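In: Need a 3D model of the following:
(chains A and B)
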Amino acid sequence: MFKQQICSELKLQCFHPLFITLLIFAPIFGFFVGQGVSASQIELFQDHHLHKVTGILNMLALPWAAVILAASVLFREIKTGIAGLISALPPTKVQHQFLVVMALIISLSLLCVLSVFGLFLGLLTQALALPDFSVLVMTCVEMLRLQFLLSVPSILFFVAIFWLLKNIGTPVIGLYLVTLILFASYMALASASGSPLMTSEHAPSPVLVQVMNYLDWFGLTALVVRDLNWDIVYLNRLIIIIASILIAFAACLSANTPQKKNNAKLKLTQQVSAKTLSQVAFTFRNVSPEFFVQFISSLSFHLKQFLIHPGTLFISTLWFGVVVAEVYPSLNVAETGSVLKSLSMDAVNRFMWDLVPMFGSVLIVYLSYTFTWRDQQANFDLITRSLPVSFSTIFLSRVILLNIVVFLFLLIACLAGVVAQYLRNSPVDLAEYVRFIYYAGLPLMAKSIAFIAIQSIFKQRILATTICIFLVILELSPLTSVIGLSHPIYRPFSTPLDNIDSLLNYSHVDAGFWTFTLFWFVVGALLAYMALLVNKVSSGKPFIKLAEAALFVLLTGAAALQLQFINRQMLKDGKAISISAQIELLANYEKEYKKFQNLPQPIINDVKTAVHIHPKESKAVIRGSYILLNPHEVTIDSILLGEDWRTPLQEVTLSHPSKMTYDAVQGQRVFQLTSSLAPGQKVELQFSLVLEQSGYQKIANHKILTPDFVYIRGVPILPELGYQPIREISDNDWRQKYGLAKVHDKDFDKLLRNRDRARDTYQWATLSTIISTPEDYQSFSQGELISENKKDGRVFRHFETRSAVRRLQAFVAVPAQISERRTGDVLLRVAHKETHEQNVEMTLDAMQHTVEFLTEQLGPFPGESLTVIEKPDFGPGAYALPQLILVSSKIGFRVDQNNEHSFNHVYRRAAHETAHQWFGHLIGNGVSQDSAFLVESMAKYIELIMLEKHYGPDAMQSLIDYETRRYLNAEKHNRNLPASLIGAESAHDKYSRATLAFAKLRAEIGDKPIMAALAEFTARHRFPNTPASSLDFVEILLTKAPAHTELIETLLLEPIPATTWLKQELN
Amino acid sequence: MLSLKNINKTYADGTHALKQVSMDLGTGMVGLLGPNGAGKSSLMRTIATIQNVDSGSFHFGDINVLDSPKLLREQLGYLPQHFGVYPRVSCRDLLEHLAILKGLTNKAERHKQIDELLHLTNLSDVANKSVIDFSGGMLQRFGVAQALLGDPKVLILDEPTSGLDPAERLRLHKILHEVAKTRVLLLSTHIVEDIEHLCANTYILISGSIVASGPTTSLYQLLTGKIWQGRIDGSELPDTAYVLSESLQFGVPICRVYSEMPLHPTMEQVTPCLQDRYFMHLYGKFQGGI
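Out: The predicted model follows:
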């Protein structure tokens, strides 16, 4: 009997057009995920990649497939009005619902199976060569097994929730709303718990990770870690199944709960003693419908209805609580161990970029549906549609109503932010909240118009709502990245706005914000106009007048023009090149120009640059000249000059008779010299280029052209000579695809030992730079300031290096205050915002301590000044260039680093970056095959010394503890093959593991042999001597501490993770 | 006053709901009689301008309603067959809202008319109660009240008596009768008695087509002398008998036939009624004349 019933129910569900559509869509979606989530050829069919893609598939698709089918199946009887008939049949309500739910679970499982086949095909399309048939079969079976393990508990979970929601009287849209909230919450939780499926820079809370291990309804937290423990995965799936059963049990209990609405209808009855017209003084009244009165009435009536709805108060309170909970705990935190003197900007940053778009979008989807279909839902539409109210009046009132609600939503967020600030004693700046309302509100407003229009255009509610939800998913999920759509337009209603920066505020993206917002408003207007036309046609007027068609064309044209304008503006950031196009360019570069690696090329001996910076226009004009020297003992017949693909040079001239050919695609110029360049002969190369920034997309880390901060790094913008090995593709899969020889030698030690030492070369030169800026700007570059002139409202500063320095030029212009201190021959400076001076002394201390210590130990660095510059918060927290250090405002200048904490980030970071003047810019460059050991790991070593020396052993130990936590967490998800510390490429090795290794070395052998080795290495290999690698340093170190050879080799040379020796210590 | 010519309407699923429907409605009450699914509600929705047509013309006086539906809506009162209301809205507030949308912009006049309508439909006592809590009869009276708001020259009432008890139904008849004295009132129903009680003119709509129209009495007068009724079971009659209806009265079968002469000794000649004509169309026996 049960078998027959379930078969009958399954037949009913499976022949539904919606299911058939999903049946087609499921494998297609699976295919795109399998094809879109890239992996190396080796990893492609490995378990961890299969886990990842199956997890992404479930995470992105399962909730939506479940809610679409559940909304159709669970509400089928209510929608078709046969609920009464069904309830009269022999099975009880619970039995009948159980049957429907079981069939729904089977239907969803079928979709999951089909999607896995699509996923598998997607993986196959990525494979350059297919493995054996048996391996393919086993992979497919494994994927099915995994899908069963992951999807069945998740299906049970979602279906149980939908079942319960339905039984407690939630409307269909409520199911979608809950799904969207679960979807968004999962994304946030996955990101917060450090899931590798999401991108997050924050170290996750261990408690959250543990909780997610067991309660992650997709089971991915426990699955995608490196040291996979299947017991935890199985336990997680079991917990989800048990939770689902409990929810289903609650659904069964609530199945027979009488509906409030049905009972209420019985409340009011009347004994009538009605009247007739003759008994009542009734008169008809003249009417004169007026647009404005109807509009106001409609608006106020529905607004009142919205405000008195019990759910409004609940949701408002919830939203208020969510914002306070988000802002309050983290408001004064800059990073672990750093207290931030927070401002309203920091409070707004906590909720403006994820909570507001996410909750705002959910709200708009839900309310655009509710406001549009409210009359139909209440079965009141036949009456309202017969009223003399035009569709445009109704449409406009819905749009305004939704925008009023959005405004209230933003207002509550502001209120919550202010309360959280008040509780944290943070000064409230109401103007910041006003700015938040219009910057966050305008895109939401455009979205409101568009979504109301979409709901009005389509007569099928489910179709309209699905489109709206799809647009929200495109905007807020990583789907566009997964499928390789990089243009910002693929994220509907998004703008280039990014975190409010204490230096830039919104200024760096302001132009882009307004242009994008205008574009989305035009799109909204176009959709609104389409809604009006569709309504006109559907009300029996099939002919659209010429003027109406013209307006439609005009709006479409306006949208197209605006899009074209956006594309044109984005070109200011340089040519847009997709990742795949970049790889192809690299491959072709290697094929066409590798021959120059074996041809003698000149070196750049002397650089003169004039940089005219126009911050307000986000523009810089650069004119430069290189003195090229033939350092070889043979003549040079041709010179290869490369430019940045994105920013081609404008003029290039060589002061030597030659014939130039230009490869515009590769940005390469080949000068065939008419007469060869003799050994020791010099020639001059002149060039110019113009740099601009649109403010329409994310700003590149080393090219920032904004009204409040300008920073241009010479690499890769300035031209380079000769073949650049750094442009070679390192991934063997890609190399194979483009017919390039594989890079076989992955053994770092071997790579260093076997390298052609003749190619080790320092790229150093003397630099002379003139920077012109508006008068109120400070400017900085390598070298010492030798003159300063003012002309036509601009200031011209001339910097010149006393001797050759590493040729890593940078040009900075910023309206800043400068604090300075002198130590020996070195002038230390900190350029900062006038009000950000609380950590300046501490920064100068760290610079002074480090300069004095390293000068004493290793000799002076090449330069007489060193400047730390406060930079915007995006990009890396801090980085060092020769004589210039950039530290982000929040972690370097706005934190309240008052020595109450166990260790001091401001101090240790400034010491670290100062140390790079030796480690990175004095030694540690010139060997292209070398890793960052001599740069980053050595700077971490100096951090330990400086902290211990100036803050005591406890501070140093705190840093070790901090790095231990960071290392262990990162190592949990690390899938790279174990590497030696000197060959390691991942950040957690270069920084955290290095800290731990040097801490152990210091404890075992002390600083003396290490510093002695460094001193010898520096003296032997600093410019103009030949460069050397980290391996050379270790060899010297071994000579200084022969008794500790095993320890040094274990810590620095053995390809074993630190966990192997760290756990022993921790135990 | 209201003129429809050759109106056709086919739904997306292929149902041809209205076929060449033509009507001329003047002041007074006009009945639209038809079985369930005949297309009455489709026709009513069309006249209420909330549904477009595929072809045909529709005029209200000089107004082309298909081009300017709003002009008719300004003078329209419409009571749909089934309707619901918004939750958490009182009867008075909802009437107030609808009155403003209809164009009753003068606040004093609006309030006065709402009071009068509440009184007329005997809803004054529950005026501040939520409409969603009303019983079926009260909701139907609310529907009538909203249809009468303003100054509707055309009233389209789709099954207005459904859900009303007999007493309420008679009282509504009285109100409608008085309203129809000065305006067009189209009453749709499948209850023949309602038409007979109220409508001087009637249209019979079967399967989307108007099969008969005219003064109500004239529709069945031509059957005089040809309707027979007896206390017998239909099976006792010859197979060729034209049975119009078989019913029960106190458990005794009553058979009513159309015939030139008595078909059974127990049968007596009776006065024809609208139902006879209606049934003749319904069963396909009426082929353009008797």
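In: residue contacts, residue A:483?
Out: Taking Cβ atoms under 8 Å, 6 or more residues apart in numbering or on different chains as the contact definition, residue A:483 lies against A:32, A:36. Just so you know, the C-beta spots here come from the backbone N, C-alpha and C atoms, and that holds for glycine as well.
In: Okay, now the unreliable bits of chain A?
Out: Scanning chain A for pLDDT under 70 picks out A:1, A:81, A:84, A:198-203, A:257-281, A:482, A:540-542, A:744-746, A:898-901, A:1063-1067.
In: tell me the domain boundaries of it?
Out: A:1-256, A:309-576, A:924-1066 (the TED database).
In: What is the distance between the second one and the centre of its chain?
Out: In terms of Cα atoms, centre = their mean, to the nearest Å, the gap separating the centre of domain A:309-576 from the centre of its chain is 20 Å.
In: again, but for the shortest one
Out: Mean-position distance between domain A:924-1066 and its chain equals 30 Å (Cα atoms, centre = their mean).
In: Report the contact partners of residue A:715.
Out: A:702, A:808-809.
In: Now render the residues you listed as a markdown table, adding distance to residue B:78.
Out: A markdown table is the format used below for the contacts of residue A:715 (distance: Cβ to Cβ, whole Å):
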| residue | distance to residue B:78 |
| --- | --- |
| A:702 | 69 |
| A:808 | 79 |
| A:809 | 79 |
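In: follow-up on the earlier one: how about a markdown table for the domains of chain A, with distance to residue B:284 added?
Out: Formatted as a markdown table, the domains of chain A follow (distance: least, Cβ to Cβ, whole Å):
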| stretch | distance to residue B:284 |
| --- | --- |
| domain A:1-256 | 30 |
| domain A:309-576 | 32 |
| domain A:924-1066 | 79 |
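In: residue boundaries of the strands in chain B?
Out: Assigned by DSSP state E, chain B shows strands spanning B:2-10, B:16-25, B:28-33, B:55-60, B:63-64, B:76-79, B:154-158, B:184-189, B:201-206, B:209-215, B:227-230, B:242-249, B:252-258, B:268-269.
In: right, so of the ones you listed, which gets closest to residue A:486?
Out: strand B:2-10 (47.8 Å; Cβ to Cβ).
In: Could you point out the helix or strand that follows the helix or strand harbouring residue A:419?
Out: In this assignment (DSSP states H and E), residue A:419 forms part of helix A:391-423. For helix A:391-423, the succeeding helix or strand toward the C-terminus, using DSSP H and E, is helix A:430-457.
In: buried stuff in the next helix or strand after that next one?
Out: Tracing the chain past helix A:430-457, the next element assigned as helix or strand by DSSP H and E is helix A:461-476. Within helix A:461-476, the residues that qualify as buried are A:461, A:464-469, A:471-476, counting by 16 or more other Cβ atoms under 10 Å in any protein chain shown.
In: Let's verify residue A:879: helix, strand, or coil?
Out: Per DSSP: H, G, I helix; E, B strand; the rest coil, the secondary structure class of residue A:879 is strand.
In: The residue nearest to it when sequence neighbours are not counted - how many residues pack around it?
Out: Closest residue in space to residue A:879, ignoring its immediate chain neighbours: residue A:886 at 5.8 Å, by Cβ to Cβ, 6 or more residues apart in numbering or on different chains. Residue A:886 sits with 29 neighbouring residues when counted by other Cβ atoms under 10 Å in any protein chain shown.
In: re earlier: is the helix holding residue A:419 in proximity to chain B?
Out: No: judged by Cβ under 8 Å from any Cβ of the partner chain, helix A:391-423 stays clear of chain B, getting no closer than 8.9 Å.
In: Who does the nearest residue to residue B:59 once chain neighbours are set aside form a beta bridge with?
Out: Ranked by Cβ to Cβ, 6+ apart and with sequence neighbours excluded, the top spatial neighbour of residue B:59 is residue B:3, at 4.7 Å. Counting by DSSP bridges, residue B:3 is bridged to residue B:24, residue B:59.
In: List the residues that contact residue B:3.
Out: By Cβ under 8 Å, 6+ apart, the contact set of residue B:3 is B:23-25, B:57-60.
In: which strands and helices sit next to the helix holding residue A:419?
Out: Here helix A:391-423 touches helix A:291-308, helix A:310-330, helix A:344-352, helix A:355-377, helix A:430-457, helix A:510-538, going by 3 or more Cβ pairs under 8 Å, 6 or more residues apart in numbering or on different chains; DSSP states H and E.
In: mind checking which of those is nearest chain B?
Out: Closest to chain B of the helices and strands packed on helix A:391-423 is helix A:291-308 (Cβ to the nearest Cβ; 4.0 Å).
In: out of the strands of chain B, nearest to residue A:110?
Out: Once these are compared by Cβ to Cβ, strand B:2-10 is nearest, at 37.3 Å.
In: Could you list the buried residues of that closest one?
Out: Those would be B:2, B:4, B:7, B:9, for strand B:2-10 by 16+ other Cβ under 10 Å.
In: average pLDDT for that strand?
Out: Mean pLDDT, strand B:2-10: 94.
In: where's that strand relative to the chain centroid, distance-wise?
Out: 17 Å.
In: I'd say residue A:658 and residue A:676 touch.
Out: No: with contacts defined as Cβ atoms under 8 Å, residue A:658 does not count as touching residue A:676, sitting 10.5 Å away.
In: the more surrounded of the two?
Out: The neighbour comparison of residue A:658 against residue A:676 (other Cβ under 10 Å) goes to residue A:658, with 19 against 14.
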